[in-house]
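In: predicted structure and sequence below. I'll ask about it afterward.
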Amino acid sequence: MANVPWHEEVVGFVQDLAELLPDYEIACEHEHSNCLLLAHTKFKVDGEWFTWIDYERFQELVRERERSGGSRTFTAADYTARTPPWALFGARERGFDPLDVRFQRRNKARDISGC
């Protein structure tokens, strides 16, 4: 655990990386997982991110492809879903779904021994 970076360090690193990659921006973050999503801007439509997957639509497209013998094709753009506001980079929730219940430890001492 001593070698795991703080979330703000990861944010800084990814911001620096995004500056070097044309057509990529930070779309989402999840502070609890210490993760950020660096996404291609093709998933940003009219200023809104579509980085989530519409699983029902994906399954429909797979069935259509199978029925067509493979002639019906599709891309990720055909089954993306709008990213919820709480998951967007910079949101107050920092990636925590407001419908989920967070458990905050009251004890500041952490036992990471695994025992």
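Out: Cool, got the structure.
In: surely residue 15 and residue 25 touch.
Out: No. Using CB atoms under 8 Å, residue 15 is not in contact with residue 25, being 9.9 Å away. For glycine as for every other residue, the C-beta is placed from the backbone atoms N, C-alpha and C.
In: residue boundaries of the helices in this structure?
Out: Using DSSP state H, the helices of the chain run over residues 7-20, 55-67.
In: can you say which of these is nearest to residue 93?
Out: With CB to CB, the closest approach to residue 93 among those belongs to helix 7-20: 13.5 Å.
In: now do the residue nearest to residue 54 when sequence neighbours are not counted, the pLDDT please.
Out: Using CB to CB, 6 or more residues apart in numbering and skipping the chain neighbours, the partner closest in space to residue 54 is residue 81 (4.2 Å). The model reports residue 81 with a pLDDT of 97.
In: now the one 10 residues further on
Out: The per-residue pLDDT reported for residue 91 equals 95.
In: what count of nearby residues applies to it?
Out: 15 (other CB atoms under 10 Å).
In: just residue 6 next, same as before
Out: A count of nearby residues for residue 6, using other CB under 10 Å, gives 9.
In: which non-adjacent residue is nearest residue 77?
Out: The shortest distance from residue 77 to any non-neighbouring residue, by CB to CB, 6+ apart, is to residue 42 (7.1 Å).
In: relative to residue 98, how far out is that neighbour?
Out: To residue 98, residue 42 is 28 Å away according to CB to CB, to the nearest Å.
In: more crowded one of these two?
Out: For residue 42 versus residue 98, the count of surrounding residues by other CB under 10 Å is larger for residue 42: 13 against 10.
In: ok, that one to residue 76 distance?
Out: From residue 42 across to residue 76, the span is 9 Å (CB to CB).
In: where do the strands sit along this protein?
Out: Secondary structure of the chain by DSSP state E: the strands cover 24-30, 35-40, 44-45, 48-49, 52-53, 80-81.
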